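# Have a look at this prediction, sequence included:
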Amino acid sequence: MMFELKDVTRRFGNKLAVDTVTLAIPQGQMVGVIGRSGAGKSTLLRMINRLQEPSSGSIHFAGVEVSGLRGRALRNWQRDCAMIFQQFNLVPRLDVLTNVMLGRLNHRSTFLSLLNIFTREERVHAIAALERLGIEQTALQAAGTLSGGQQQRVAIARALMQNPKMVLADEPIASLDPLNAKIVMDALRDINEREGITVITNLHTLDTARNYCERIVGMAGGRVVFDGTPSDLTGEAVKAIYGTDKDGAGIDEAMTSTSINPASERADNQTAGIQPLALAGL
Ligand SMILES: Nc1ncnc2c1ncn2[C@@H]1O[C@H](COP(=O)(O)OP(=O)(O)OP(=O)(O)O)[C@@H](O)[C@H]1O
């Protein structure tokens, strides 16, 4: 199964946000997309999921042109490529388990969804997804009370409820401290390795892309200016992606890496010590 972008372009007025991008990504790859702010990374990801429409070019998955889908077929595609966002996009006042089950929305009738009635099977699936992410103990807490790293893992569990073929993550660790960032990146790598789910993630830190992604796509001014492995990413390539500063000094790789801030660590300190299976009515 191959996922392909062919000459994909997106304009906003006369601004070319994404400029004739062509990529072929085999199923199961872990791909990091890097580049300066404004390089077109988010727009690229959002076009894959059809949150934004390409101005021209086409997007294909397993021989189907997904950029032409409408109606139910489009909703099925959006279920196949689950999105993860920088700000988690959970419903803060709902408990974690319900937030995860909301990932099933595209599978269900509107009537059942409106009533928030979930089947036993959906509950079992949701608990299993939380267990896989190591946060089942938070199942009955309000999502908004969790640490950022825990919330992002809830978002990943919710994505898994869609049984996606691909996970698209738009700067998933940009709001997290280094420890939580590591936990979330480990979780993405884990679902990639264990389930063979393709992961395409925008990252603003070069070191994270190097450490986690087998393939790195570098964007500048809407174009792909680098596509290779971490070891291919030489100082020259980094310069082509991030450019040089006005003194021509080039970019210091440290500028694009995460800084350690121990004072903000807050991972996994919210374990309530409850038995979620029992309380969830299982
Ligand atoms: N809805 C929009 N309307 C107008 N211009 C837009 C819109 N979305 C993006 N752009 C422009 O397209 C270009 C690419 O933006 P995009 O958000 O894709 O970049 P990015 O690499 O993801 O950057 P960042 O990391 O800052 O989000 C930018 O110049 C941006 O201002």
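Thanks, I have the structure now. Numbers count the residues shown, from 1 in each chain.
# okay, CA-based contacts and neighbour counts for the rest of this
OK.
# Pull the longest helix seen in the chain out as PDB, backbone CA atoms only.
Using DSSP state H to define each element, the chain has its longest helix at helix 178-195. The C-alpha trace of helix 178-195 is given here as PDB (Å, rounded to 0.1, in the frame of the first residue of the first chain):
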ATOM      1  CA  PRO A 178      10.900  17.500  27.300                       C
ATOM      2  CA  LEU A 179       9.800  14.600  29.500                       C
ATOM      3  CA  ASN A 180       6.300  14.600  28.200                       C
ATOM      4  CA  ALA A 181       7.500  15.200  24.700                       C
ATOM      5  CA  LYS A 182       9.500  12.000  24.900                       C
ATOM      6  CA  ILE A 183       6.600  10.100  26.300                       C
ATOM      7  CA  VAL A 184       4.400  11.200  23.400                       C
ATOM      8  CA  MET A 185       7.000  10.500  20.800                       C
ATOM      9  CA  ASP A 186       7.600   7.100  22.300                       C
ATOM     10  CA  ALA A 187       3.900   6.400  22.000                       C
ATOM     11  CA  LEU A 188       3.800   7.500  18.400                       C
ATOM     12  CA  ARG A 189       6.800   5.300  17.600                       C
ATOM     13  CA  ASP A 190       5.200   2.400  19.400                       C
ATOM     14  CA  ILE A 191       1.900   2.500  17.400                       C
ATOM     15  CA  ASN A 192       4.000   2.800  14.300                       C
ATOM     16  CA  GLU A 193       6.200  -0.200  15.100                       C
ATOM     17  CA  ARG A 194       3.600  -2.400  16.700                       C
ATOM     18  CA  GLU A 195       0.600  -1.700  14.400                       C
END
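# That helix - contacts with which helices or strands?
helix 148-160, strand 198-202 (3 or more C-alpha pairs under 8 Å, 6 or more residues apart in numbering; DSSP states H and E).
# and those, which one's lowest on average pLDDT?
Of all these, mean pLDDT reaches its minimum on helix 148-160 (a mean of 94).
# helices and strands around that helix, which ones?
strand 81-85, helix 96-101, helix 120-132, helix 178-195.
# so which of these comes closest to L168?
Within the helices and strands packed on helix 148-160, the stretch nearest L168 is strand 81-85; the backing value is 4.7 Å (C-alpha to C-alpha).
# Good, wrapping up.
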